[in-house]
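Visitor: The following comprises the amino acid sequence and a computationally predicted model.
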Amino acid sequence: MWATGLDSMDDIGHVMSMTTNAEEITMTTEPTRPPVGTSAGADYDRLLTEATAIAYRIADQLANGEFPKGLDWGHVGGMGETVRGLRAISDRMFAEGEYAPENQ
């Protein structure tokens, strides 16, 4: 059996299996059960805790971090990428931008 990484959250609970021989390849998806003691609620809570810790760390760095020494356009580009990434997260969480209901 061959298991892949998750391509999306919809793949949780499924394992992709592949049987091969010289002439044919058969691929199927088989539902799997989560390990005993786990649940969507517990996993969500763990991820929420991790996301909160990351958000606080980012906020602290943006508010209190040292201004780059020898500031150049590379720093500007890096901050632009940071803003784009944070905006994408914010849009998804608050149903704004491409995730706004009118854009669905």
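Guide: Done, it's in. Residues are numbered from 1 along each chain as shown.
Visitor: which residue ranges form the helices in the chain?
Guide: With DSSP state H applied, the chain shows helices at 40-64, 73-94, listed in chain order.
Visitor: For residue 96, what are phi and psi?
Guide: Note on residue 96: backbone dihedrals following degrees, to the nearest 10 are phi -120, psi 180.
Visitor: wait, what's in contact with it?
Guide: For residue 96, the set of contacting residues under the criterion of Cβ atoms under 8 Å, 6 or more residues apart in numbering consists of residue 90. C-beta: built from backbone N, CA, C; applies to glycine.
Visitor: And for the one 3 residues further on?
Guide: Contact analysis of residue 99 by Cβ under 8 Å, 6+ apart lists 91-92.
Visitor: Any figure for the gap between it and residue 74?
Guide: 30 Å (Cβ to Cβ, to the nearest Å).
Visitor: swap in residue 52?
Guide: As defined by Cβ to Cβ, residue 52 lies at a distance of 30 Å from residue 74.
Visitor: Residue 91 - nearest residue in space that isn't next to it in sequence?
Guide: Taking Cβ to Cβ, 6 or more residues apart in numbering, and ignoring the residues beside it in sequence, residue 91 has residue 97 as its nearest neighbour in space, at 3.5 Å.
Visitor: State the distance from that neighbour to residue 40.
Guide: Relative to residue 40, residue 97 is positioned 27 Å away (Cβ to Cβ).
Visitor: The spatially closest residue to residue 86 that is not a sequence neighbour: neighbour count?
Guide: With Cβ to Cβ, 6+ apart as the measure, residue 58 is the residue that lies nearest to residue 86, at 7.6 Å, once sequence neighbours are left out. Residue 58 sits with 15 neighbouring residues when counted by other Cβ atoms under 10 Å.
Visitor: swap in the one 5 residues further on?
Guide: Other residues within reach of residue 63 by the criterion other Cβ under 10 Å amount to 7.
Visitor: start the count at 13, not 1, going forward
Guide: Taking 13 as the first residue, the last one we looked at is residue 75.
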